[in-house]
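In: sequence? don't have it. structure:
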Ligand code: F6R
């Protein structure tokens with residue numbers, strides 16, 4: 001939520017910052033702003049709307065002489081998305097500019113304190129207090145900007161990544177963070193700070209994951225870091241090897257479609273070097289430090305939010321059916337406030353694409369506090385959850401830019417299949433069975449590729465149903481979460497109401513909704529409960545519901561029940577979601593496309609949810 005970027009260097013500062021914002025726009029896109037220091041002036045521009053609106057507004061500043069600047073793309077929390085509430089915010093003198101990602105929880109008290117001292121506020125944001133606090137603390141005798149910045153960091157409570165510039169120290173950006181991400185990029189004669197590394201892809205060769213509560217002082221000439229007592233620290237520079245291609249759309253009209261099509265390769269990436277076909281096993285180095293605990297655990301708990309929670313729910317089916325470990329799945333936002341019963345006999349998996357989701361991070365901390373073993377399943381390398389979990393597995397899906405998760409869902413599932421196989425074998429599964437499962441797992445990328453071949457039919461179905469106001473998605477077993485995920489994708493990007501249900505639950509309520517206007521999407525692979533699902537389809541058909549079935553290629557019976565049949569390859573029941581979800585992602589995509597929605601940046605959403 002919200003993206004911040006800062007630049008200190010000799011290249012054109014304004015275009016560099018705008019470019020950085022574009023790459024961070026997935027984090028928030030309701031307004032944007034920029035502040036650069038030029039010839040002893042703090043030039044601030046803000047625009048409601050997209051970064052492209054800000055870009056148009058700042059075209060005349062492209063060549064402005066400036067060696068330092070900060071910028072922000074917003075996902076509103078406090079104060080509606082408009083120009084006044086957009087960041088950067090400035091102090092009363094207009095000499096200090098700041099950008100902020102997160103929430104200042106004690107901003108009301110601070111605002112009163114500052115107003116009592118004569119500060120004038122112009123916005124409705126929590127953020128503005130930061131600029132005024134720095135201004136206020138600068139008034140103390142002998143105080144430097146650094147002193148005032150540190151005092152401000154100590155006065156605010158909540159979650160924050162902050163970057164500040166000031167005319168009193170015109171070549172420098174000051175930055176710090178707590179519970180919101182901040183990374184620093186070191187380039188050649190230029191340095192960056194940002195919410196993630198994408199703004200400095202192609203320009204920085206080293207990265208610093210700034211520890212929380214440390215201060216970064218970033219100038220073109222170098223980067224210094226300090227603790228809150230102004231003691232100099234030795235930052236850890238890591239090699240940074242991201243590629244620009246990974247954050248470009250290529251020939252695809254939308255990132256979401258590109259990411260849907262990447263899935264076969266990304267699943268292969270998740271398996272590479274980890275799936276051991278000959279041994280019928282999987283080896284994940286990240287699990288080694290806790291391997292004994294994994295085998296001895298009385299219970300697994302998987303916690304996550306949104307799509308990652310759907311992956312967690314599939315994980316339950318995998319862990320219980322194959323690895324035979326009792327598994328609970330919990331929304332991170334619920335678990336953290338429930339006084340959960342967790343202890344040393346439990347292994348808690350937290351799943352997160354971004355590795356920054358506030359609730360998932362809080363769950364991780366809570367589980368650790370209670371003595372449980374914690375493992376992260378994360379996409380973004382170096383993210384807070386990845387670092388704090390310490391132990392875990394990267395899904396290697398690469399940057400996901402489309403706000404609606406697609407490839408990271410299937411990559412999360414891919415990693416869960418490997419963990420399931422490894423634990424299953426560790427707990428006594430025969431090599432023969434392991435080999436059979438490993439070869440089925442190995443066939444998933446090819447099956448995912450075939451599932452992508454359904455796109456033309458899916459487009460036709462999308463045209464047929466694009467005006468429906470409601471959809472029902474039904475699935476059973478491991479495909480119940482597939483149904484939930486299909487419904488979530490549709491809601492997110494088309495704004496059509498959709499519900500996912502376990503098939504058999506339909507008659508306990510949702511069946512009342514069914515009439516000739518209700519499209520019902522059944523995920524109905526030929527697995528152990530196939531016949532039962534057919535009976536439920538009959539019930540929908542009897543009430544004139546319109547049926548779209550995701551069924552297997554060799555299913556000859558299904559045409560007699562469904563209005564449309566999307567055929568995908570058959571696999572083991574618990575592996576099915578990896579293949580079956582693909583047409584559902586495509587269906588949401590094509591309906592949203594038909595309706596002219598902003599597919600990669602749906603309204604009200606942000607990719608990285610760093611607030612509760
Ligand atoms: C849905 C979606 C969200 C995220 C959720 C958790 O398409 O993207 O529901 O899955 O916000 O995010 P992560 O996985 O980053 O923790």
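Out: Perfect, thanks for sending it. Because the structure is a prediction, the values reported are computed rather than measured. Numbering: from 1, shown residues only.
In: buried stuff in the strand or helix carrying residue 418?
Out: Element membership of residue 418, judged by DSSP states H and E, is helix 407-426. Within helix 407-426, the residues that count as buried by 16 or more other Cβ atoms under 10 Å are 407-425. In short, each C-beta sits where N, CA and C put it, glycine included.
In: ok, the residue lying closest to residue 524 once chain neighbours are set aside - how many residues close by?
Out: Spatial nearest neighbour of residue 524, chain neighbours left out: residue 533 (4.7 Å); criterion: Cβ to Cβ, 6 or more residues apart in numbering. Neighbours of residue 533 under the rule other Cβ atoms under 10 Å: 26.
In: doesn't residue 533 fall inside a strand?
Out: No. Looking at residue 533 with DSSP: H, G, I helix; E, B strand; the rest coil, it is helix, so not inside a strand.
In: burial measure for the residue of the stretch 51-200 of the chain found nearest the ligand, as a count.
Out: The nearest approach of the stretch 51-200 of the chain to the ligand comes at residue 181, 11.3 Å away (Cβ to the nearest ligand atom). Neighbours of residue 181 under the rule other Cβ under 10 Å: 27.
In: same thing with residue 560?
Out: With other Cβ under 10 Å as criterion, residue 560 counts 9.
In: from residue 228, how far out is it?
Out: 70 Å (Cβ to Cβ, to the nearest Å).
In: cool, and residue 155?
Out: Shown here: residue 155 relative to residue 228, a distance of 11 Å by Cβ to Cβ.
In: of those two, who's got more company?
Out: When residue 155 and residue 228 are compared for neighbours, residue 155 comes out ahead with 18 against 13, by other Cβ under 10 Å.
In: which non-adjacent residue is nearest that one?
Out: Nearest residue to residue 155, sequence neighbours excluded (Cβ to Cβ, 6+ apart): residue 133, at 5.9 Å.
In: equivalent analysis for residue 64, please.
Out: Distance criterion Cβ to Cβ, 6+ apart; nearest residue to residue 64, sequence neighbours excluded, is residue 38 at 5.1 Å.
In: now residue 205
Out: Leaving out its chain neighbours, the residue that sits closest to residue 205 by Cβ to Cβ, 6+ apart is residue 240, at 5.9 Å.
In: let me know whether the one you found touches residue 208 as I believe.
Out: No. Counting by Cβ atoms under 8 Å, residue 240 does not reach residue 208; the two are 9.5 Å apart.
In: partner strands of the helix or strand containing residue 303 and their direction?
Out: Assigned by DSSP H and E, residue 303 falls within strand 299-304. Sheet pairing of strand 299-304 (DSSP bridges) gives strand 327-331 (parallel), strand 346-352 (parallel).
In: can you tell me which of those strands is packed in deepest?
Out: Among the strands paired with strand 299-304, the stretch with the highest mean neighbour count (mean count of other Cβ atoms under 10 Å) is strand 346-352, at a mean of 29.
In: distance from the chain centre to stretch 464-476, please.
Out: Here stretch 464-476 is found 25 Å from its chain centre; the criterion is Cα atoms, centre = their mean, to the nearest Å.
In: mind listing what's buried along it?
Out: Across stretch 464-476, burial judged by 16+ other Cβ under 10 Å covers 464, 465, 468, 471, 472, 473, 474, 475, 476.
In: OK, contacts around whatever residue of the chain ends up closest to the ligand?
Out: Here the residue of the chain nearest the ligand is residue 306; by Cβ to the nearest ligand atom that distance is 1.9 Å. Going by Cβ atoms under 8 Å, 6 or more residues apart in numbering, residue 306 touches 405, 488, 609.
In: got the residues of the stretch 351-500 of the chain near the ligand?
Out: Residues of the stretch 351-500 of the chain lying close to the ligand by Cβ under 6 Å from any ligand atom are 352, 353, 354, 357, 360, 404, 405, 488, 492.
In: closest one of these to residue 505?
Out: Comparing these against residue 505 with Cβ to Cβ places residue 488 closest, at 17.1 Å.
In: so where does that closest one fall, helix or strand?
Out: With DSSP H and E as the test, residue 488 turns up in helix 479-494.
In: quick one, the helix or strand that that helix is followed by and helix 479-494 angle?
Out: Counting by DSSP H and E, the next helix or strand C-terminal to helix 479-494 is strand 497-502. Interaxial angle of strand 497-502 relative to helix 479-494 (axes from the mean of the first three to the mean of the last three Cα atoms, to 10 degrees): 170 degrees.
In: now do strand 497-502: distance to the chain's middle.
Out: 22 Å.
In: tell me which other helices or strands it touches.
Out: Based on contacts counted as 3 or more Cβ pairs under 8 Å, 6 or more residues apart in numbering; DSSP states H and E, the elements that strand 497-502 packs against are strand 470-475, helix 479-494.
In: residues touching the first one, excluding its own?
Out: Spelled out, it's strand 470-475. Residues contacting strand 470-475 (Cβ under 8 Å, 6+ apart): 465, 481-484, 486-487, 490, 496-503, 506, 510, 513-514, 517-524, 533, 536, 545, 580, 584.
In: list buried residues within these.
Out: 465, 481-484, 486-487, 490, 496, 498-503, 506, 514, 518-524, 533, 536, 545, 580, 584.
In: for the residue nearest in space to the middle of the chain, give me its contacts.
Out: By Cα atoms, centre = their mean, the chain has its centre lying nearest to residue 354, at 3.7 Å. Neighbouring residues of residue 354 by Cβ under 8 Å, 6+ apart: 379, 380, 383, 607, 608, 609.
In: I'd guessed residue 140 sits against residue 147; true?
Out: Yes. Judged on Cβ under 8 Å, residue 140 makes contact with residue 147 at a distance of 7.4 Å.
In: comparing the two, which shows the higher neighbour count?
Out: Neighbours were tallied for residue 140 and for residue 147 using other Cβ under 10 Å; the higher tally belongs to residue 147 (15 against 11).
In: surely that one meets residue 141?
Out: No. The pair residue 147 and residue 141 fails to qualify as a contact (Cβ under 8 Å) at a distance of 10.5 Å.
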